[in-house]
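Trainee: make a model of this:
(one chain, ligands or ions: 2)
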Amino acid sequence: MSDTATPTVIRREDYAPPAFLIDAVDLEFDLAPEHTVVKSTLRVRRNPAAKPAPHLELMGEQLEFIGAQIDGNSYENVRAHEHGLTIENVPDAFTLALTGACNPEANTTLSGLYVSSGNFFTQCEAEGFRRITWFLDRPDVMSTYTVTLRADKTACPVLLSNGNLIEAGDLPDGRHYAKWEDPFRKPSYLFALVAGKLVALEERITTSSGKEKLLQVWVEPNDLDKTRHAMDSLIHSIRWDERRFGLELDLDRFMIVAVSDFNMGAMENKGLNIFNTKYVLANPETATDVDFANIEAVVGHEYFHNWTGNRVTCRDWFQLSLKEGLTVFRDQEFSAAMSGGDENEAARATKRIEDVRVLRQMQFAEDAGPMAHPVRPESYVEINNFYTMTVYEKGAEVVRMYQTLFGRDGFRKGMDLYFQRHDGQAVTCDDFRRAMADANGRDLAQFERWYSQAGTPRVTVTTHYDAAAKRCSVTLSQGYANGSPAARDTQKGALLIPFAIGLIGPDGADLPLRLEGESSSSGTTRVLELTETQQTFTFVDVAHKPLPSLLRNFSAPVIVEYDYSNDELAFLLAHDSDPFNRWEAGQRLATRELLALAARAATRQPLAINDALINAFGRVLNDASLSPSFRELALMLPSETYLAEQMAESNPAAVHTARQFVRKGLAAALKSEWLVAYDANLTPGAYEPTPEAAGHRGLKNLALSYLSELDAPADAVRLATAQYSAANNMTDRAAALSALMNAASGAGGDQAKQALEDFYVRFEKEPLVIDKWFSLQATQRGTAQRPTIETVRALMRHPAFNLKNPNRARSLIFSFCAANPAQFHAADGSGYAFWAEQVLALDAINPQVAARLARNLELWRRFTPALRDAMRAALEQVAAQAKSRDVREIVEKALA
Ligand code: TRP
Ligand code: ZN
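Mentor: Ligands and ions are numbered 1, 2, ... in the order given. Predicted coordinates for the structure are as follows:
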C-alpha cells in the first residue's frame, strides 16, 4: 500500500464463500536462512456452493515466483503481482504445483517463515501463510497437509511440522529430511514448521479412551531445566478437558515449541503449538508465581484450542471470538479449577477477580475509545489489530453468560451439540449460539445483541423496601453512558443480561430469596434475567430491610450504578457471602476516596485520608478467616490507569499524587499490621509454586511494598535487603528489588543500586529475567532530578537492548508507555515524543508490534487539555510518517 492510498476496509457483510476449494496440500521445503524454496502441490476444485469464477486468485506476499504447473504440465497463464498470483482460465478440478522462494533471515515481522537464534519458525495466524506460499489463505478453506522438510543436518538436526512423523532420513551433502502428515483437515493459519537445534522434555500418557500419546516440550538446549512446569500444565490441561468437557487429545503426538522472538503469547497450530518463551520457561530461580500461573493458563489456552478453534474453526476472521472468547473462557475455568478445585468457591473467586480486573481496566477502556467494536466486529483494515481485549476478554464473558444462564450442565449440553453439529467445519458465532439455544430449549435471538453491539452497558439499580408488606422491589434499567459511541449508535434494543443478586440481612447473613409468584423461597443468590430497558423484580417474605449484593460474581460485563453509602460498602466488604462482591465493595470504597483526592490534587488543595478506608482495609488485613490471596487482592488499590479513566478529564499526575498519598497513609496507619503480615506469611523451605504458597508470598510482598512507601522506610529496606539476598525464588527476589527501588528516594538508595547491579550480573544469561530488569526500571517512580524517561533513554543504548525482539521492546518501551502513566504523561510531552519515535522505529521492523504500541495514545481525547494537545501532535506525526497498514489503521481511527 502506498503512503496516500485509503486503506481497504474489509466488511463482514461482504462475506462470500471461496470460488475454489483446496482438498489436499503437499509442501516441500528446502530450508536455507536467506533463500528457502517452497514447492506447494494443491488439489484444487471449484466450490459447488460459490459463484463460478474463471480465474483462481491466490494470495501471496513477499514471495519470489519460480514456476507453476497444472496436472504435471508447466502452465504459463499465471500472473504474479503484489498481492499474489492470478492463475487464468483453470479447469474445474486440477492439481496445481507452485514453486517459490522467500527470505526467512530478512523477515523481521515474525509473520510467515522467519529465523530466530538460528532456528526456523513459522507464524501463520492470521494471514502469515501467504508469506510462505500462494494459497487461499482464509479460514474457510480446509485441507489435509503433508509436509516434507529438508535442511542441513548440523544446523537443523530437528525438523517438525503438524501431525505425525511418517518418514525421515539422510540426503546427500550433509542434508536430511523429515516428512509429516496431519490427518485432520485444517485452515492454513494452523500450519506450522520448526527446524533447528532444539531438545525436548518428553512424557508419555494414556488418555481417557486408553490411547497412548507422546508429549514433547521443545526448547534450546540451555533451557531444558525450565520445561517441567509447562509439561505438567499440559498434562493437567489434557486431564481437565477430558473431565469437564469429555474432549480427548486426537493426535498421537502433541508438541510445544518455545521461541524467544514472538509477536504474541502463543499459537495453537495443530499438534505443534509455538510459544513465546515467556509462556513456557520457568524454574523457581527465574520465574515468579505470576509467571508460573500465566504459563499454566497459556498452555491450557493453546491446548484447548485443539477442539475450540482447530476441530471447529472460524468461517471468517469476523468470527474470531468464536474460538478466542470460548477458549479464554475455557482457560479461565481451567485456572480456577487448578487454583482451588471445582468446589472451593473462595479460591475460584481469586481467579475471577483477577480476570474482571483485566476486563475492566483494559476492555472497558477499549470499548470507550476509537477502537470500540463489537465482539464480532463489522469491519477491519488489518485483522491483526482485532486480536483485542473485546474479542478475547469480553468474548469470554459472553460465553460465560451462557453458563450463568443454563448452569454447568446446560452449558455442557450446548458444547456437546456444538461439536456434534460442527466438528470439522468452519462456522460462525451464530452457530455457537444456536447450539446453546437448541441444547437448552431456549430462544436466544435477543442474546445475539451481545455480538453486534459495541460499548459497555450500564445497569442502574434502585431498590424499595416496604417494611409492612415485607416486600423488596429491585428495579434494573439498562443503557449506555451519555455521549458514548454505543449511545450514539442506532440502538439495537435491550440486551439479555443475567443479573445475579443476593439480599443481605442486618446481621450480615444472606436472606432466603422468594420472588413474587413463587411458592417457596430457594437459594440465596438469584440470577435475574433482565430483558427489557427497565424491569422491576419483587422479592417477598423479606423479613428485614436488606442490603442488595449486586451482579454477584460479575455475572455480566456491565457497569453497575447503585448509590451505596460508605458504611454500606464497608458492611459488604466485611460480610458479603459472595467473595467477588466483597472484593468489589472494597474497590468501590477505595475508588471513591481516590477519585475525591485526585480531584483535590488536580486543584492543588490539601489532602487528607478518610478513616473509613483505613479501618476497612485494616479489618481485611487482620481477618485470618480470609485467604492470603484474597486479602492481597482486596488490599491492592485500583491502578492509576483505571482511576484516570474514571475522571471526567484524565489527569495522571493528580491520580498518581492521590494514590501515592493513600498508599503512604495506609502504610503508616497500618504499619505494625503490615509487619505482622510480613512475618506471618513467610514461606521457608524449598520453593513450591502451589496456590497456597503463592498466596502467602503475595500477601507478604504486598506488605513489603506498602512498607516501602513510608517516609522513613528503614524497616522495608532491612527486610527487603535480607529477602533479596536470601531468596531461593524469583517471586521473592524481584519483590525485594522492587521494594528497594521504591524506597530508594528514602533510605534505600545504595541498596537499590547494588541489588539492581547484582540482579543483572546474576541473570545475564537468562533473557526472560533481563526483561524483568528492564521493566522494573521502566516502571519505577521518577524524581524531579531524574525523570524515568532519562533512565529509559539510557537503557535504549544498553548492549542488551534489542528493538527487534518483541519481549525486549515490551519490557522497556511498552512498560514505560503503558505501565508508568505518571512518568509517561509528563507535562513536557517528553513521553509522547519518545512514543512517536518508537512507534515509527518499530513500524519499519515489525508492524504488528508497532500497532500495539500505537494504541497507547488512543484515549487522548479524554485527557486534560494540555496533555490532549501534545498527544494529538504526536499522533499526527505518526500518521504522517507511518508506512504499515497496521499502524495507520490505529492512528487514523484515533484522529478521526
Ligand atoms: N491464536 C493465538 C491465541 O492463542 C493468537 C496469536 C498468536 C496471534 N500469534 C499471533 C494472533 C500472531 C495474531 C498474530 O490466542
Ligand atoms: Zn487463543
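
Trainee: correct me if wrong: Thr206 contacts Lys213.
Mentor: Yes. Under the criterion of Cβ atoms under 8 Å, Thr206 is in contact with Lys213, at a separation of 7.4 Å. Quick note: C-beta positions are derived from backbone N, CA and C, even for glycine.

Trainee: the more surrounded of the two?
Mentor: In this comparison of Thr206 against Lys213, neighbours counted by other Cβ atoms under 10 Å, the higher total goes to Lys213 at 17 against 9.

Trainee: stretch 330-344: which residues count as buried?
Mentor: The neighbour-count check on stretch 330-344 (16 or more other Cβ atoms under 10 Å) flags 330-340 as buried.

Trainee: the residue lying closest to Arg315 once chain neighbours are set aside pairs with what?
Mentor: With Cβ to Cβ, 6 or more residues apart in numbering as the measure, Ala426 is the residue that lies nearest to Arg315, at 4.6 Å, once sequence neighbours are left out. Taking DSSP bridges, one obtains Thr313 as the residues bridged to Ala426.

Trainee: on the pLDDT front, check Ala426 for me.
Mentor: Per-residue pLDDT puts Ala426 at 98.

Trainee: how many other residues sit next to it?
Mentor: A count of nearby residues for Ala426, using other Cβ under 10 Å, gives 21.

Trainee: ok, the buried residues of stretch 330-344 vs ligand 1, which is closest?
Mentor: Taking Cβ to the nearest ligand atom as the measure, Asp331 is the one of those closest to ligand 1, at 9.3 Å.

Trainee: assign the closest one to helix, strand or coil.
Mentor: Here Asp331 takes the helix state, with states given by DSSP: H, G, I helix; E, B strand; the rest coil.

Trainee: which ones are touching it?
Mentor: With Cβ atoms under 8 Å, 6 or more residues apart in numbering as the criterion, the residues that contact Asp331 are 297-298, 300-301, 304.

Trainee: again, but for Lys545
Mentor: In this structure, Lys545 makes contact with 465, 467, 472, 506, judged by Cβ under 8 Å, 6+ apart.

Trainee: helix, strand, or coil at it?
Mentor: The three-state label given to Lys545 by three-state DSSP is coil.

Trainee: ends of stretch 641-650, what's the gap?
Mentor: When the termini of stretch 641-650 are compared using Cα to Cα, to the nearest Å, they are 9 Å apart.

Trainee: SS state for the residue of the stretch 101-250 of the chain at minimum distance from ligand 1?
Mentor: Closest to ligand 1 within the stretch 101-250 of the chain is Glu125: 4.7 Å, counting by Cβ to the nearest ligand atom. State at Glu125, reduced to three classes by three-state DSSP: coil.

Trainee: surely it touches Met267?
Mentor: Yes. With contact taken as Cβ under 8 Å, Glu125 and Met267 are classed as touching, separated by 6.0 Å.

Trainee: contacting residues around the residue in the stretch 451-600 of the chain that ligand 2 sits nearest to?
Mentor: Nearest to ligand 2, among the residues of the stretch 451-600 of the chain, is Tyr451, at 17.7 Å (Cβ to the ion). Contact partners of Tyr451, counting by Cβ under 8 Å, 6+ apart, are 321, 374-376, 398, 429-430, 433.

Trainee: quick check: ChimeraX command selecting the buried ones in these.
Mentor: With 16+ other Cβ under 10 Å as the criterion, this ChimeraX line picks the buried residues out of the contacts of Tyr451:
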select :321,374,375,376,398,429,433
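
Trainee: now, the contacts of Tyr451 that are in helices?
Mentor: 321, 398, 429-430, 433 (DSSP state H).

Trainee: can you redo those as JSON lines with distance to Thr86?
Mentor: Conversion of the ones in helices among the contacts of Tyr451 to JSON lines gives the following (distance: Cβ to Cβ, whole Å):
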{"residue": "Ser321", "distance to Thr86": "33"}
{"residue": "Val398", "distance to Thr86": "40"}
{"residue": "Cys429", "distance to Thr86": "33"}
{"residue": "Asp430", "distance to Thr86": "33"}
{"residue": "Arg433", "distance to Thr86": "38"}
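
Trainee: which secondary structure elements does the longest strand seen in the chain contact?
Mentor: For the chain, the longest strand by residue count, based on DSSP state E, is strand 175-187. For strand 175-187, the elements it packs on are strand 142-152, strand 158-161, strand 164-170, judged by 3 or more Cβ pairs under 8 Å, 6 or more residues apart in numbering; DSSP states H and E.

Trainee: quick one: the residue nearest to Arg315 and Arg138 touch, right?
Mentor: No. Under the criterion of Cβ under 8 Å, Ala426 is not in contact with Arg138, lying 9.0 Å apart.

Trainee: overlap of the contact sets of the two?
Mentor: Between them, Ala426 and Arg138 share the contacting residues Pro187, judged by Cβ under 8 Å, 6+ apart.

Trainee: pLDDT score for the one residue in the chain that gets nearest to ligand 1?
Mentor: Each residue of the chain has a distance to ligand 1, by Cβ to the nearest ligand atom, and the smallest belongs to Met264, at 3.7 Å. Residue-level confidence at Met264 comes out at 98, pLDDT.

Trainee: save the contacts of Tyr451 as CSV, and put in pLDDT and distance to ligand 2 too.
Mentor: As requested, the contacts of Tyr451 are arranged in CSV below (pLDDT from 0 to 100; distance: Cβ to the ion, whole Å):
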residue, pLDDT, distance to ligand 2
Ser321, 99, 10
Pro374, 98, 18
Val375, 98, 14
Arg376, 98, 16
Val398, 99, 15
Cys429, 99, 15
Asp430, 99, 20
Arg433, 99, 19
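
Trainee: nearest to Gln587, of the contacts of Tyr451?
Mentor: Sorting these by distance to Gln587 puts Val398 at the head of the list, at 23.2 Å, by Cβ to Cβ.

Trainee: which non-adjacent residue is nearest that closest one?
Mentor: Distance criterion Cβ to Cβ, 6+ apart; nearest residue to Val398, sequence neighbours excluded, is Trp450 at 4.8 Å.

Trainee: great, nothing more from me.
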